[in-house]
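In: model this:
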Amino acid sequence: MPSRIKPPALLPGDTVGIVAPASNIHRDTLEAGSQALRSLGYTPFYFDSIFEKDIYFAGSAERRARELEEMFVRDDVRAIVCARGGYGSNYLLPLLDVETIKKHPKIFVGYSDLTCLLTYFADAAGIVTFHGPMVAKDFGRINGVELSSWQNALSGTSQWTVEVNPEVMALVGGAAEGILYGGCLSILVASLGTPYEIQTNGTILFLEDVAAKPFQIDRMLMQLKLAGKFNGVRGIIFGEMLECFQNPGKDQGYTLQEVVLRVFGDLGIPVAFGLRSGHVTQRNITLPIGVRSALTTDGTKVNLKILEPATTATGIS
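Out: Residues are numbered from 1 along each chain as shown. Predicted coordinates:
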């Protein structure tokens, strides 16, 4: 696998560009998140056009693509953090000039609907991206961001262990190394059959979603399995899977973990469940997409270690 382009590290005082590639946003939640970035020592910056609306989008696809590309090109912007997800990032895929983005690698952070951009930049441009907290969703609320992973991932720490939350459990024991990759399950599945189809071979695959019923998760996992997307995957770790119940508040007679095991139990690779990254209750963990990692599941213990820096002082490694 060719070496990845690593963006420049984020340092105190650096400017963080805020973009809205998907759904429209509210000024008060964006400002709350911007203030949190200021408290961490960064300088938030966004264009006033970020508040535009077009049905449920943050303005036209052309506006959103132009905003995103300009943030990559601007010399004064060190990192790009998405305001929120929602829906609409897929409209940008055919509009973006991936060669321009490749020539100006930047830290790019988001989750949910932004998964399609995270994987596109990782696959087509070869840039390390970051599945992590967003401005108007996580930075804008108390205890919304897990700061140790944010600092380690974005500052260029050479090797570090993800501080997994206590609820993370091992479903299938084992140990594996691979390239950390993935994101929101429904968005990953939506890539199948398109020019932007996910590339999962040789990966430690991270999967998460929100408010999907167990049978819907089962169907999506089976679609990926039947499409061959688990061939060559070396380990799998699920997110918190927030609100993924058949009937909230009622005993459905089975667990989501049992559903997962029906799909993955025969693959012979380690499987873990419950990591807080993406749609979470609190303390959103930042995961670098496109770097070497190691997953170990032993009894009740789960260990996820990042084996190389995700950013560099010079921008390209």
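
In: For the stretch 101-250 of the chain, just list every one of the helices.
Out: Applying DSSP state H, counting those that start in this stretch to the stretch 101-250 of the chain gives helices spanning 115-120, 147-155, 185-190, 214-226.

In: Average the pLDDT values over the second one and round to the nearest integer.
Out: Regarding helix 147-155, the rounded mean pLDDT is 97.

In: try the last one
Out: When pLDDT is averaged along helix 214-226, the result is 97.

In: Could you verify my assumption that residue 299 touches residue 172?
Out: No. Counting by CB atoms under 8 Å, residue 299 sits too far from residue 172 to count as a contact (11.6 Å). (Each C-beta comes from the backbone N, C-alpha and C, glycine too.)

In: What confidence value was assigned to the closest residue to residue 265 other than its chain neighbours?
Out: Among residues not flanking residue 265 along the chain, residue 172 sits closest, at 6.6 Å (CB to CB, 6 or more residues apart in numbering). Confidence per residue is given as pLDDT, and for residue 172 that number is 96.

In: Contact partners for residue 172?
Out: Listed by CB atoms under 8 Å, 6 or more residues apart in numbering, the contact partners of residue 172 are 261, 264-265, 267, 269-271, 297.

In: Ok, residue 78 next?
Out: By CB under 8 Å, 6+ apart, the residues touching residue 78 are 8, 10-11, 14-16, 106-107.

In: Any chance of those residues in JSON lines with pLDDT as columns?
Out: Below are those laid out as JSON lines (pLDDT from 0 to 100):
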{"residue": "8", "pLDDT": "97"}
{"residue": "10", "pLDDT": "97"}
{"residue": "11", "pLDDT": "95"}
{"residue": "14", "pLDDT": "97"}
{"residue": "15", "pLDDT": "98"}
{"residue": "16", "pLDDT": "98"}
{"residue": "106", "pLDDT": "97"}
{"residue": "107", "pLDDT": "98"}
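
In: what about burial for those residues, which qualify?
Out: Buried members of the contacts of residue 78, scored by 16 or more other CB atoms under 10 Å, are 8, 10, 14-16, 106-107.

In: Narrow those residues to those in helices?
Out: Per DSSP state H, helices hold no members of the buried ones among the contacts of residue 78.
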